[in-house]
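Asker: model this:
(one chain, ligands or ions: 1)
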Amino acid sequence: MTGASDRGTAPVVLSMGGSVLVTGDGDERYLPDLVVLLRRLMEEFPLVVTAGGGRVARDYIRLGRSLGLTETELDELGIDVSRLNARLLASLIGPPCPAHPAGSIAEAVRDAHRSPIIVLGGTEPGHTTDGVAGMLAERLRAQRLVNATRVPGVFERDPRKDPTARRIDRLDYAGFRKMVDAAVSGTAGQQFVFDRLGLDALARAQIPLRIVEGRDLANLERALRGEKFVGTEIR
Ligand code: UTP
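Answerer: Here you go, the predicted structure:
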């Protein structure tokens, strides 16, 4: 099997929010369709996918916090749930995707050089799977990173709290960094559309970030291919 570095095509990194992958609503239909899309695209360019922990991770983190676990222990719960989601997606994709999610960036780089698609979850306490995706995008000199999330892009204000908030179609790294700083505290299970660590890696390497609603697979495909899409582009 040809790996990422041999193909002459830079990989595309996809950060799948756990709250998109496993919602408890129509997952039996969504996941096979997502897998068909990923298997088709991996024939055109290498894909590196991170899976988030979603609601299950946050349920564990909430319970652990109420029982007095440390922030690091809570992060470790989140990492294990994200790895469970990664294994689910990797198993559905099947060979050549390694079923066992890489446990570190170094291991993921090795896997990505051997397979046209890999899926992993979190790696280090204090990070998020968006952070892992950003660091891997930099390390693998990716073409772009697509963040598949529950909202269709970056909004002026949280659209779930304020339905009149408008989407911002284009942003530069510095403008988005300000929004991330205002929204993110750095504790386990925190939620914002993307995170500081991932964004800083992308900004250093000048890799564009596209934020899309992950359940619309036609739009997700356009974003992954680098075509015109509905969502927010940060560059
Ligand atoms: P994520 O925040 O990445 O999953 O991990 P998510 O909430 O599904 O992602 P989005 O927001 O929908 O995209 C869940 C938690 O697991 C821990 C953190 O506590 C994080 O909030 N984690 C995850 C780590 O500590 N390190 C990692 O590398 C990944």
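
Asker: which ones are touching residue 57?
Answerer: 18, 77, 78, 81, 82, 189 (Cβ atoms under 8 Å, 6 or more residues apart in numbering). Placement of C-beta: from N, CA and C, glycine included.

Asker: Out of those, which sit inside helices?
Answerer: When those are checked against helices (DSSP state H), the matches are 18, 77, 78, 81, 82.

Asker: Nearest spatial neighbour of the last one, chain-adjacent residues omitted?
Answerer: With sequence-adjacent residues excluded and distances taken as Cβ to Cβ, 6 or more residues apart in numbering, residue 82 is closest to residue 121, at 3.2 Å.

Asker: Do I have it right that the one you found meets residue 85?
Answerer: Yes - if you go by Cβ atoms under 8 Å, residue 121 and residue 85 touch, sitting 6.4 Å apart.

Asker: what do these two both touch?
Answerer: The contact sets of residue 121 and residue 85 overlap at 51, 52, 53 (Cβ under 8 Å, 6+ apart).

Asker: from those residues, which is closest to residue 163?
Answerer: Minimum distance to residue 163 across the shared contacts of residue 121 and residue 85 is 24.7 Å, recorded for residue 52 (Cβ to Cβ).

Asker: Now do the contacts for the residue nearest to that closest one when sequence neighbours are not counted.
Answerer: Spatial nearest neighbour of residue 52, excluding adjacent residues (Cβ to Cβ, 6+ apart): residue 18 at 3.4 Å. Contact analysis of residue 18 by Cβ under 8 Å, 6+ apart lists 51, 52, 53, 54, 55, 56, 57, 81, 82, 85, 129.

Asker: What of residue 223?
Answerer: 146, 210, 212, 229, 231.

Asker: The second one: neighbour count?
Answerer: Right, the one you point to is residue 210. By other Cβ atoms under 10 Å, 23 other residues sit near residue 210.

Asker: pretty sure it is in a strand, no?
Answerer: Yes - looking at residue 210 with DSSP: H, G, I helix; E, B strand; the rest coil, it is inside a strand.

Asker: from memory it sits against residue 144, does it?
Answerer: Yes - contact criterion Cβ under 8 Å: residue 210 and residue 144 qualify, at 6.2 Å.

Asker: if you look at the contacts of residue 18, which of them are in helices?
Answerer: 54, 55, 56, 57, 81, 82, 85, 129.

Asker: What's the separation between the residue nearest to residue 52 and the ligand?
Answerer: Distance, residue 18 to the ligand, by Cβ to the nearest ligand atom, to the nearest Å: 3 Å.

Asker: Please tell me how far that residue sits from residue 55.
Answerer: Distance, residue 18 to residue 55, by Cβ to Cβ, to the nearest Å: 7 Å.

Asker: Residue 45: which element?
Answerer: Under the criterion of DSSP states H and E, residue 45 resides outside all helices and strands.

Asker: What of residue 146?
Answerer: Assigned by DSSP H and E, residue 146 belongs to strand 144-149.

Asker: Now do that strand: which elements does it pack against?
Answerer: Counting contacts by 3 or more Cβ pairs under 8 Å, 6 or more residues apart in numbering; DSSP states H and E, strand 144-149 is packed against strand 12-16, helix 18-21, helix 129-139, strand 209-213, helix 217-225.

Asker: Out of the ones you listed, which is the most enclosed?
Answerer: Of all those, strand 12-16 has the most neighbours on average by mean count of other Cβ atoms under 10 Å, namely a mean of 29.

Asker: Thanks a lot, catch you later.
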